[in-house]
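[1] for reference, the sequence and a predicted model appear below.
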Amino acid sequence: MKDRRWIALCAIGLVVLVTMNLPDSASSRVEGAVRDGLSPLQAVLRGGVREGREIIRYIQGIGDLVLENRALSEEIVYLRGEMRMARELERDNQMLRDLLGFVERFPKQLVSCEVIGRDSTGWWQTIRLGKGAEAGVAEGRAVITPDGLLGRTAGVSAHTADVLLLSDVSCQVSVRLARSGVFGIMEGLGAKPDEQPACRIRYISRTADIQAGDEVVTSGMGGVFPKGLLVGWVVRVEAEPSGLYQTAWVDVAAKLGRSEYAFVAATEADLAAAATGMIEDLIAPVSTEIGGESP
């Protein structure tokens, strides 16, 4: 085996020596033949190198696209967040303009409050306001939104106030039909906030002129709710089984379960008591026997 290797090496050396000592013309022909013989292999090698470079650039391109796609996704998320914030700011701005216009139009003293809590899980359907006696909020005062009457304060502490919603069965309001002038007592049906109809007016004379679509407003009787506040609209009228009375079902105008701000109709005495620090006169515990106002 070793002899064969020596023979091969000697043959290669001999070929090299012969090639080096050939005349120039013969040497050129030999070199040309060698180049021609090696050219297919060189072409294959160049093609492989070129394809390898292309593959590397393609892989790099995919990586660049992934990074660009990630950056674009992040920008889309950011822009969508900006759009949502802009819409929220626009909505809040419009709501504040509506609230300001409502305060300017309303003749009473209004205490603006933010709704900080809701409770409609038990017998009582209430919301909680973020202001109390120290701001001039007293027990038994009308609570209003720009959409209409919301309810009345049923319990007040120094810094909060609970509001009994119109939909609560214990909340009664003396109302009047704006078109015909018919009076009645509206009571809650115990429906969850924003379920309609939320209230009804019972014991209306069977001869009274009342129709679906009639506007319902506060009558001002009883001293709790100011006169002329929008309450809602009649959605249907039914005769009582006795035939002596009829009942009107009312859709409430205010967003009972979705209000974010509300106003308490305070009296001058309420505000004076808050200003002088006599808040004990304004505080009353929540009672389980909250009576309705009478016409």
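    Nice, I can see it.

[2] and the protein, what are its domain boundaries?
    What automatic domain parsing lists as the domains of the chain is 1-105, 109-281.

[3] phi first, then psi, for the closest residue to D119 other than its chain neighbours.
    Nearest residue to D119 in three dimensions, chain neighbours excluded: T126, at 5.2 Å (Cβ to Cβ, 6 or more residues apart in numbering). The C-beta positions use only the backbone N, C-alpha and C, and glycine is treated the same way. Per-residue torsions, T126: phi -130, psi 160 (degrees, to the nearest 10).

[4] what's the burial count for T126?
    23 (other Cβ atoms under 10 Å).

[5] for it, give me the pLDDT.
    Predicted confidence (pLDDT) at T126: the value is 87.

[6] one more: L22?
    Confidence score, pLDDT, at L22: 51.

[7] so what's the residue nearest to D119 up against?
    R118, D119, S120, G151, A154, D162, V163, L164, L165, D168 (Cβ atoms under 8 Å, 6 or more residues apart in numbering).

[8] buried subset of these?
    R118, S120, G151, A154, D162, V163, L164, L165, D168 (16 or more other Cβ atoms under 10 Å).

[9] need the worst-confidence member of the residues you listed.
    Among those, S120 has the weakest pLDDT, 55.

[10] strands paired with the helix or strand in which F263 is found, and their directions?
    Following DSSP states H and E, one finds F263 within strand 261-266. If you go by DSSP bridges, strand 261-266 pairs up with strand 109-119 (antiparallel), strand 142-145 (antiparallel).

[11] worst mean pLDDT among the ones you listed?
    Among these, strand 109-119 scores lowest, with a mean of 86.

[12] what lies in contact with that one?
    With Cβ under 8 Å, 6+ apart, strand 109-119 has contacts from 99, 103, 125-131, 135-137, 144, 160-161, 193, 257, 259-268, 270-271.

[13] all the helices of the chain, residue numbers only.
    With DSSP state H as the criterion, the chain has helices at 2-20, 24-105, 268-275.

[14] quick check: buried residues in the shortest one?
    Right, helix 268-275. Of the residues in helix 268-275, those buried (16+ other Cβ under 10 Å) are D270, L271, A273, A274.

[15] farthest pair in those?
    Maximum pairwise distance among the buried residues of helix 268-275 (Cβ to Cβ): 7.3 Å, between L271 and A273.

[16] find the residues that touch each one of the two.
    Going by Cβ under 8 Å, 6+ apart, residues that sit against L271 and also against A273 are G136.

[17] where do the strands sit along the stretch 101-250 of the chain?
    In the stretch 101-250 of the chain, the strands defined using DSSP state E, counting those that start in this stretch lie at 109-119, 126-129, 142-145, 148-156, 161-165, 172-177, 183-188, 199-205, 215-218, 230-239, 245-252.

[18] give me whichever of the ones you listed is most buried.
    Of the strands of the stretch 101-250 of the chain, the one with the most neighbours on average (mean count of other Cβ atoms under 10 Å) is strand 161-165, at a mean of 27.

[19] reformat the strands paired with strand 261-266 as a markdown table; add distance to I210.
    A markdown table is the format used below for these (distance: least, Cβ to Cβ, whole Å):
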| stretch | distance to I210 |
| --- | --- |
| strand 109-119 | 31 |
| strand 142-145 | 24 |
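
[20] show me the one of the ones you listed that comes nearest R200.
    Taking those one by one with Cβ to Cβ, strand 142-145 is closest: 20.0 Å.

[21] give me the contacts around that closest one.
    106, 110, 129, 149-153, 163, 218, 224-226, 229, 254-255, 259, 261-265.
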